[in-house]
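> Structure of the sequence below:
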Amino acid sequence: MSAKVKGNLVIIGGAEDKEGVCLILRRFLALAGGGEAVVAVITTATEQAEEVGAEYSRLFYRLGAAEVRHLDVPDRETARSTALADTLRRSTGVFLTGGDQLRLTSILGGTPLAGALHAAAGRGAVIAGTSAGASAMSATMIVEGQDGSAPRRSIINMAPGLGFLKEVVVDQHFAERGRIGRLLAAIAENPYILGLGLDEDTAVVCDADGLLTVVGSGACTVVDGLTIRESNVSESSAGDPLVLTHVTLHVLPAGYTFNLSRREPGAVRPEETR
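Numbering: from 1, shown residues only. All right, here's what the predicted structure looks like:
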């Protein structure tokens, strides 16, 4: 297992197809065991837990899952439930819905349910997250920021995430909400961290060796600040435009890969473009 990745992950940029071919959700289900998949849907990030849980439960049953359990975890007391932790121990796939990533991490962080989630990843269960669930995958996550802005100091707030990805920060609804500026701002603060910007209905499937494969109708934008030669992030004031030169940027549509350890894109996988 790569030092940068814990388990097998499906990280989704939000608004994934739920009515057509459902390519991303089918891929998650296939990795989780297909017709034998036991899926836990965790709706902690959203305040519409009952509605969202029911929607994904219907979807996964329609796509062929053997069993789907909705884990409604609205507070930290519930996250201490041994029964919910036992449910994760039986699951082959876990799906973190959208909503508010800070709500997700502040409720789950340090609880038995969070421990069971990491244990599930360690034994091979597939962990998926969409929108807020995607942002929370990393050790450090973007909590909020200004959409449609040029990169400026202090346009983002960051906090600890769930820690399935190290040295990576994930942003979602990327092209649709014009979030390149805030991802560049995140990378300016720590150029060693890779930035992943995921468009809607787009995901990266990340294996335990740290190889990402893009799936879906949009693209994954990878921002690598390791090559930055000039930056004013430490000298600038809040709201000032950032100077960033020689930033490396990759735009990868379906089928292309990216190796997190080598920080390199790879050739297209034809089977992943369908």
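
> before we move on, could you check phi and psi at G33?
phi 120, psi 0 (degrees, to the nearest 10).

> and it, how many neighbours does it have?
Per other C-beta atoms under 10 Å, the neighbour tally for G33 reads 18. Just so you know, the C-beta spots here come from the backbone N, C-alpha and C atoms, and that holds for glycine as well.

> For the residue lying closest to it once chain neighbours are set aside, which residues are in contact?
Leaving aside its sequence neighbours, G33 sits nearest to T92 (C-beta to C-beta, 6 or more residues apart in numbering; 4.5 Å). Contact analysis of T92 by C-beta atoms under 8 Å, 6 or more residues apart in numbering lists 32-33, 36-39, 124-126.

> Distance of T92 relative to V215?
In this view, T92 and V215 are 19 Å apart by C-beta to C-beta, to the nearest Å.

> on that earlier part again, can I get the contacts of T92 in CSV with distance to P241?
Output for the contacts of T92, formatted as CSV (distance: C-beta to C-beta, whole Å):
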residue, distance to P241
A32, 44
G33, 49
E36, 53
A37, 48
V38, 50
V39, 45
G124, 46
A125, 44
V126, 41
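
> Show me what T130 is bridged to.
The partner list for T130 in beta bridges (DSSP bridges) reads I12.

> Would you map the strands across the stretch 1-150 of the chain?
For the stretch 1-150 of the chain, applying DSSP state E, counting those that start in this stretch gives strands covering 8-12, 38-42, 67-71, 93-96, 126-130, 140-145.

> Could you save those as JSON lines and add columns showing distance to R177, mean neighbour count and mean pLDDT?
Formatted as JSON lines, the strands of the stretch 1-150 of the chain follow (distance: least, C-beta to C-beta, whole Å; neighbours: other C-beta atoms under 10 Å; pLDDT from 0 to 100):
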{"stretch": "strand 8-12", "distance to R177": "15", "mean neighbour count": "27", "mean pLDDT": "98"}
{"stretch": "strand 38-42", "distance to R177": "24", "mean neighbour count": "25", "mean pLDDT": "98"}
{"stretch": "strand 67-71", "distance to R177": "28", "mean neighbour count": "19", "mean pLDDT": "98"}
{"stretch": "strand 93-96", "distance to R177": "20", "mean neighbour count": "28", "mean pLDDT": "98"}
{"stretch": "strand 126-130", "distance to R177": "15", "mean neighbour count": "28", "mean pLDDT": "98"}
{"stretch": "strand 140-145", "distance to R177": "10", "mean neighbour count": "20", "mean pLDDT": "96"}
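
> And those strands: which comes nearest E264?
Smallest distance to E264 across the strands of the stretch 1-150 of the chain (C-beta to C-beta): 18.7 Å, for strand 8-12.

> Now do the closest one: everything it contacts.
Applying C-beta under 8 Å, 6+ apart, the set of residues contacting strand 8-12 is 24, 27-28, 31, 121, 124-131, 133-134, 137, 164-165, 170, 172, 196, 198, 202-208, 216.

> Just the buried subset of those, written out for ChimeraX, thanks.
Buried residues among the contacts of strand 8-12 (16 or more other C-beta atoms under 10 Å), as a ChimeraX selection:
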select :24,27,28,31,121,125,126,127,128,129,130,131,133,134,137,164,165,170,172,196,198,202,203,204,205,206,207,216
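
> Identify those among the contacts of strand 8-12 that sit within helices.
24, 27-28, 31, 121, 133-134 (DSSP state H).

> number of nearby residues for the closest residue to C22 other than its chain neighbours?
Spatial nearest neighbour of C22, chain neighbours left out: L63 (6.2 Å); criterion: C-beta to C-beta, 6+ apart. The local packing of L63 (other C-beta under 10 Å) involves 19 other residues.

> and what of S217?
There are 15 residues near S217, going by other C-beta under 10 Å.

> correct me, but it touches A203?
No: in this structure S217 lies outside contact range of A203 using C-beta atoms under 8 Å: 10.3 Å.

> before we move on, back to that, need the strands of the stretch 1-150 of the chain in JSON lines with distance to S261, can you?
Formatted as JSON lines, the strands of the stretch 1-150 of the chain follow (distance: least, C-beta to C-beta, whole Å):
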{"stretch": "strand 8-12", "distance to S261": "15"}
{"stretch": "strand 38-42", "distance to S261": "29"}
{"stretch": "strand 67-71", "distance to S261": "33"}
{"stretch": "strand 93-96", "distance to S261": "25"}
{"stretch": "strand 126-130", "distance to S261": "20"}
{"stretch": "strand 140-145", "distance to S261": "18"}
